[in-house]
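Peer 1: build me a model:
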Amino acid sequence: MLLRVGQLARRCGLTVRTLHHYDTIGLLSPSVRSDAGYRLYAAHDIARLHRILALRELGMPLADIGTVLDRPETTLPAVITRQIAALDAELARKTTLRKRLARLGEQLARDEAPDPADWLTTLELMTMYDTHFTADERDRLPFLCPDNARESEWQTLAAEAHELMQGDIPPHDDAARALARRWMVALERDTASDPALLGKLEAMHRETPALQAKLGITPAMADYVQRAFAEDQLSIYRRYLSDEEFAFVSARYPQQMPKWPSLLAELRQAMRDGIAAHAPEAQFLARRWLALFRAYAGDDPRTHEKLRRAHQQEPALRQGAWVDDEVLAYLGQAMARLGPAK
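Peer 2: Next up is the predicted model:
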């Protein structure tokens, strides 16, 4: 099938002007010229147009689409899979909202006053995802995609945490630490290992009682799990530190640990923005990393070396930490170029 620009515009619901714009910026150009001199769109041009429109629908700016389309992994099946996942997540959200609206409608039809708490929950569900995440982020966040196995897993984790808290089991207990490891690994998976998405999800959870009720995860429970995870990591550090060093680190680490993800998110963003490791912005992030490290490790280089060795030799310290080799390499380059602080 070969189509002229006007025919393609009518068939796909675009304007001729839009297709001309895509041609001008090099995003989509007719690949065939007829004997009469008409420029025509072939089947592979239509496939490319599908990918363009799908990525636009997922929230990607036109300026970025051309670069993304040139990547080998951006095949049409891959893009369609992302579209389906985004639609599934949106359908799940709207299905939940529809059920609540139907219940409110039935109550109003019977001249019954809806429960204000239930009404507020419905209003929260109407806005919470759109308020905290862009369309592209909602597509990339596994936590928002309907998955019965994932939902069951989180219900089990929440129930176990509730039982431990009800039993006054301290965070350093083996059972609490084991739960925390499973929790954080699942959370890292369900935020696509992206610390920026983690930060937004945590903010949404903190600010949305409806989501807390839906998940059965209270802020107190989240704090308990985070403290248990800190205790689990400290149990590994204990094998590398002297008694005096461990006393110093363990008194400070639980308060500093929650600050790492936001800094990791900034480092990832700097990498995505193409900021060189020697640039002032990267140097600033490297200094903040060192300051955070010293906030719990102190200033003794011997302690620093022991903690670094622990991270090199203990893979468990990387689990549930939202850190990868690429970020660590970038950070290492930035630190190697650190000059005196100004």
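Peer 1: I'd guessed Asp232 sits against Arg181; true?
Peer 2: Yes: counting by Cβ atoms under 8 Å, Arg181 is a contact partner of Asp232 at 5.8 Å. (Each C-beta comes from the backbone N, C-alpha and C, glycine too.)
Peer 1: these two: which is more packed in?
Peer 2: Taking other Cβ atoms under 10 Å, Asp232 and Arg181 do not tie; Asp232 has more neighbours (23 against 18).
Peer 1: which SSE is that one in?
Peer 2: Using DSSP states H and E, the element containing Asp232 is helix 219-237.
Peer 1: other SSEs contacting that helix?
Peer 2: Secondary-structure packing of helix 219-237 (3 or more Cβ pairs under 8 Å, 6 or more residues apart in numbering; DSSP states H and E): helix 148-166, helix 174-190, helix 195-207, helix 243-256, helix 301-313.
Peer 1: average pLDDT for that helix?
Peer 2: Throughout helix 219-237, pLDDT has a mean value of 96.
Peer 1: could you check the angle that helix makes with helix 243-256?
Peer 2: 150 degrees (axes from the mean of the first three to the mean of the last three Cα atoms, to 10 degrees).
Peer 1: follow-up on the earlier one: now the helices and strands packed on helix 219-237 as CSV including distance to Ser29 and mean pLDDT?
Peer 2: Below are the helices and strands packed on helix 219-237 laid out as CSV (distance: least, Cβ to Cβ, whole Å; pLDDT from 0 to 100):
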stretch, distance to Ser29, mean pLDDT
helix 148-166, 42, 92
helix 174-190, 40, 97
helix 195-207, 35, 89
helix 243-256, 53, 97
helix 301-313, 50, 96
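Peer 1: for Leu292, find the nearest of those helices.
Peer 2: helix 243-256 (6.1 Å; Cβ to Cβ).
Peer 1: any idea which residue sits dead centre in this structure?
Peer 2: The centre of the chain sits closest to Leu197, judged by Cα atoms, centre = their mean, with a distance of 2.7 Å.
Peer 1: which non-adjacent residue is nearest it?
Peer 2: Thr191 (4.5 Å; Cβ to Cβ, 6 or more residues apart in numbering).
Peer 1: before we move on, what about Ala159?
Peer 2: Sequence neighbours aside, Gly216 is the residue nearest to Ala159 in space, at 7.3 Å (criterion: Cβ to Cβ, 6+ apart).
Peer 1: count of residues packed around the one you found?
Peer 2: 14.
Peer 1: how about the backbone phi and psi for it?
Peer 2: phi 70, psi 20 (degrees, to the nearest 10).
Peer 1: give the contact list for it.
Peer 2: Gln155, Ala158, Ala159, His162 (Cβ atoms under 8 Å, 6 or more residues apart in numbering).
Peer 1: try 10 Å this time
Peer 2: With contact set as Cβ atoms under 10 Å, 6 or more residues apart in numbering, Gly216 has these partners: Trp154, Gln155, Leu157, Ala158, Ala159, Ala161, His162.
Peer 1: what about the nearest residue to the last one once chain neighbours are set aside, distance to Leu290?
Peer 2: The reference is to His162. The shortest distance from His162 to any non-neighbouring residue, by Cβ to Cβ, 6+ apart, is to Met221 (6.8 Å). Using Cβ to Cβ, to the nearest Å, we find Met221 at a distance of 33 Å from Leu290.
Peer 1: same check, this time on Asp194
Peer 2: On the measure of Cβ to Cβ, Asp194 and Leu290 end up 24 Å apart.
Peer 1: settle it for me: which of these two has more neighbours?
Peer 2: Neighbours per residue, other Cβ under 10 Å: of Asp194 and Leu290, the larger number sits with Asp194, 19 against 16.
Peer 1: next, the angle helix 148-166 makes with the longest helix anywhere in the chain.
Peer 2: Assignment by DSSP state H gives helix 76-109 as the longest helix of the chain. Per the same axes, to 10 degrees, the angle that helix 76-109 makes with helix 148-166 is 60 degrees.
Peer 1: one step back: CA atoms of the helix holding Asp232 as CSV?
Peer 2: Extracted as CSV, the C-alpha positions of helix 219-237 are listed here (Å, rounded to 0.1, in the frame of the first residue of the first chain):
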residue,chain,number,x,y,z
PRO,A,219,3.5,5.1,57.1
ALA,A,220,4.4,3.4,60.4
MET,A,221,4.8,0.1,58.7
ALA,A,222,7.0,1.6,55.9
ASP,A,223,9.2,3.1,58.6
TYR,A,224,9.4,-0.2,60.4
VAL,A,225,10.5,-2.0,57.3
GLN,A,226,13.0,0.6,56.4
ARG,A,227,14.6,0.4,59.9
ALA,A,228,14.7,-3.4,59.6
PHE,A,229,16.4,-3.1,56.3
ALA,A,230,19.0,-0.7,57.8
GLU,A,231,19.6,-3.3,60.6
ASP,A,232,20.0,-6.0,57.9
GLN,A,233,22.7,-4.0,56.1
LEU,A,234,24.4,-3.1,59.5
SER,A,235,24.6,-6.9,60.2
ILE,A,236,26.8,-7.2,57.1
TYR,A,237,28.9,-4.2,58.0
